[in-house]
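# Fold the following for me, if possible:
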Amino acid sequence: MKTLPMFLGGEWVQAVKGGTRAILNPADNEPIAEVTDGSAADAEIAIAHARLAFDSGPWPKMRAQERAAFLFKLADLIDKNSDALATTETRNNGKPLREAKYDVGDAANCFRYYAGLATKPLGQTFETPDAAMQTMVVREPIGVCGQIIPWNYPLLMAAWKLAPGLAAGNCCILKPAEATPLTAIRLFELIAEAGFPPGCAQLLTGPGAMAGHALAASPLVDKIAFTGGTSTGRKIIAAAAGNIKKVTLELGGKSPCIVFADADLDVALEFAMFAIFAGQGEVCSAGSRLILERSVAEKFLPALAEASRKIAVGDGLLPETEMGPLITREHMERVLGYIEIGKAEGAQLLCGGHRMVDPPHARGNFVAPTIFAETRPEMRIVREEIFGPVQCVQLFDTEEEAIRLANGTDYGLAGGVFTRDGAKGLRVLKQLRAGITWLNSYHPTFNEAPWGGYKQSGWGRELGTYGLDEYLETKQINISLAPQRPGWFRSAAEAHVS
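Numbers count the residues shown, from 1 in each chain. As a prediction, the model looks like this:
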């Protein structure tokens, strides 16, 4: 099996130390590729290329229209190769093919969005008290940006990071998750085909503890952008403190899906399923807590459990599959461990709660859709992010109690509310301590709108104009229109040099 390389300085190269990593299909744990496995030494090479490219290369000096043309060309190439990209994403990540196809289209549109945004007005001018002074603000690229992405949306997260970073004129080093580098490698083949200048966009493969840490710690890196777990986010912050680099973090969640008794319960039921079982629950914004009005629980929960049992779980490449496998055996065991914790804590198992080991699933990392009822706020399954197809039900009697339960978490990424009363819905949404919210919906994401959370769900925002702002410095420029001596020092009045 040919070892797939990384892309540094405009060239395809193998890791300095010669390490390799087998990439497995989570549906059957069979090898599908072998990739070069980088280390801190490879990260230093990537940083040196990016530093040179930013300090003396063409990319940051290009007109915005020129950079936009590269991004538009890349978007077109993604569309041209969409079927192959989606299939690779499913084989590598496990998600159903229909989800992967959506991600590929969204990734192309993300590059188009930022290509368009790059040419829009940036900056301000001011009327100041000094009529002889012209004051303006301009926006400039930050510099060298390290970008570390997770395994749950391998291609889409690459687009979320690269598109605004490159549009702003930065030189970017992307480090994909160790388990899911394949669509990132294919994306960089397209970047090379599009003719991006050497060093402005690089692909660094390897483990986060070595390659990723080196990016976060390097004094030559000006910004680090990370999406992943909150515990790793804390390590990123500590490593980045050395040169006080810019940091954006999109971290974990334990998001509420609130269903009031006056909601369209059929709509709410399917969205409650979609909130947690889309993407196998391996989604930072997953609606992992169903906060349900007590008066409808007796009819709502049995219907929810019955529908969840019927979800078609299987290989993502099969057309009938609605939910795929978890990413690795290690992660599957972690999720199963939380299920056992929930049982031990006394929660009531409504459905699922086990690994699927029948013949179609025996070799893969399949966990049945799982719902717990009779939970208490102090339970670990209610407080901690499981990152799998496990939903915890919490019951409430009043609007105030629903809000208290929803906000009773260290996280604040997302939340949904279901009610026919629009005023009540907006009232509740405004009181949720979360960055992304929905009324009578859950999960839609748009390149035009900011993505990020409150509390321990992260720092900063991605997407929209906010996402571009995170890759720009703000500079004040003051220009004297009538240069003259300031008259501050008496001795200077008698000094002449011209």
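# Which residue is the nearest non-sequential neighbour of Glu306?
Closest residue to Glu306 in three dimensions, ignoring its sequence neighbours and counting by C-beta to C-beta, 6 or more residues apart in numbering: Cys351, at 7.8 Å. C-beta here means a position set from N, CA and C on the backbone, and glycine is covered the same way.
# Bridge partners for that neighbour, pull those for me.
Ile371 (DSSP bridges).
# While we're on it, how confident is the model there?
At Cys351, the predicted lDDT confidence score is 98.
# how about it, what does it touch?
By C-beta atoms under 8 Å, 6 or more residues apart in numbering, the contact set of Cys351 is 305-306, 308-309, 368-371.
# Gly346 touches Glu378, doesn't it?
No. In this structure, Gly346 sits apart from Glu378 without contact. The criterion is C-beta atoms under 8 Å, and the distance is 11.1 Å.
# now that we're looking at Gly57, which residues does it contact?
For Gly57, the contact set (C-beta under 8 Å, 6+ apart) comprises 171, 197-200.
# Which members of these define the maximum pairwise distance?
Of all pairs drawn from those, the one with the longest distance (C-beta to C-beta) is Cys171 and Pro198, at 10.0 Å.
# Comparing these two, which shows the higher neighbour count?
Neighbours per residue (other C-beta atoms under 10 Å) separate Cys171 from Pro198, with Cys171 holding more: 30 against 19.
# Distance of the more buried one relative to Asp222?
Cys171 sits at a distance of 9 Å from Asp222 (criterion: C-beta to C-beta, to the nearest Å).
# overlap in contacts of the two?
Contact criterion C-beta under 8 Å, 6+ apart; residues shared by Cys171 and Asp222: 143-145.
# Out of the residues you listed, flag the one nearest to Asp106.
Ranking the shared contacts of Cys171 and Asp222 by separation from Asp106, with C-beta to C-beta as the measure, puts Cys145 on top at 21.4 Å.
# Top of the contacts of Cys351 by number of neighbours, please.
Each of the contacts of Cys351 was scored by neighbours using other C-beta under 10 Å; the highest score is Thr370's, at 28 neighbours.
# And that residue, how close does it get to Ala238?
Taken as C-beta to C-beta, the spacing of Thr370 relative to Ala238 amounts to 34 Å.
# swap in Arg376?
From Arg376 over to Ala238 the distance is 34 Å, taken as C-beta to C-beta.
# thinking again about what came up before, overlap in contacts of Cys171 and Pro198?
53, 57.
# Following the record's annotation, map out the domains of the chain.
Domain assignment of the chain by automatic domain parsing yields the ranges 3-251+457-478, 256-439.
# Any regions of the protein where pLDDT drops low?
Along the chain, segments meeting pLDDT under 70 are nowhere present.
# Looking at it, which helix is longest?
Looking only at the chain and at elements set by DSSP state H, the helix with the highest residue count is helix 97-118.
# Buried residues in the next helix or strand along the chain from that one, which are they?
Using DSSP states H and E, the helix or strand that directly follows helix 97-118 along the chain is strand 124-126. When burial is assessed from 16 or more other C-beta atoms under 10 Å, strand 124-126 yields no buried residues.
# And Arg289, its phi and psi?
For Arg289, the backbone dihedrals are phi -120, psi 110 (criterion: degrees, to the nearest 10).
# Same question for Gly337.
As for Gly337, its main-chain torsions (degrees, to the nearest 10) stand at phi -60, psi -40.
# and if you look at Ala406?
phi -60, psi -40.
# Test my guess that it contacts Gly415.
Yes. Contact criterion C-beta under 8 Å: Ala406 and Gly415 qualify, at 6.0 Å.
# Of these two, which one has the most company?
Residue environment comparison for Ala406 versus Gly415 gives the larger neighbour count to Gly415, 28 against 25, counting by other C-beta under 10 Å.
# did I read that right, that one in a helix?
No. For Gly415, which was evaluated using DSSP: H, G, I helix; E, B strand; the rest coil, the result is strand, with no helix membership.
# just wondering, since we're on it, how far is it from Asn440?
Using C-beta to C-beta, we find Gly415 at a distance of 13 Å from Asn440.
# how deep is the residue lying closest to Thr321 once chain neighbours are set aside tucked in, by neighbour count?
Nearest residue to Thr321 in three dimensions, chain neighbours excluded: Gly314, at 4.4 Å (C-beta to C-beta, 6+ apart). Gly314 is surrounded by 20 other residues when neighbours are defined as other C-beta under 10 Å.
# Kindly report the same for Ala495.
Neighbour count of Ala495, defined by other C-beta under 10 Å: 8.
# thinking again about what came up before, do you know how far the residue nearest to Glu306 is from Trp160?
Computed as C-beta to C-beta, the Cys351 to Trp160 distance reads 33 Å.
# for Val296, same thing?
Remark: distance between Val296 and Trp160 (C-beta to C-beta) = 37 Å.
# Those two: who's more crowded?
Applying other C-beta under 10 Å to Val296 and Trp160 shows that Trp160 carries more neighbours, namely 26 against 17.
# roughly how far apart are the closest residue to the more buried one other than its chain neighbours and Gly281?
The shortest distance from Trp160 to any non-neighbouring residue, by C-beta to C-beta, 6+ apart, is to Glu462 (5.3 Å). Here Glu462 is placed at a distance of 21 Å from Gly281 (C-beta to C-beta).
# now Leu156
Taking C-beta to C-beta as the measure, Leu156 falls 17 Å from Gly281.
# Between the two, tell me which one has more neighbours.
Neighbours per residue (other C-beta under 10 Å) separate Leu156 from Gly281, with Gly281 holding more: 24 against 21.
# Give the burial count for the residue lying closest to the more buried one once chain neighbours are set aside, as a bare number.
Excluding the flanking residues, the one nearest Gly281 by C-beta to C-beta, 6+ apart is Pro389, at 4.0 Å. In terms of burial, Pro389 registers 29 neighbours under the definition other C-beta under 10 Å.
# thought Pro389 was touching Ala278?
No. Counting by C-beta under 8 Å, Pro389 stays clear of Ala278, with 9.5 Å between them.
# so what sits against both of the two?
Met323.
# which residues sit against stretch 259-266?
For stretch 259-266, the external contacting residues (C-beta under 8 Å, 6+ apart) are 268, 272, 290-293, 295-296, 299-300, 399, 402, 417-421, 424, 440.
# typed the wrong thing, it's stretch 73-82
Contacts of stretch 73-82 with the rest of the structure, by C-beta under 8 Å, 6+ apart, involve 85, 101, 104-105, 107-109, 111-112, 115, 186-187, 190-191, 193-196.
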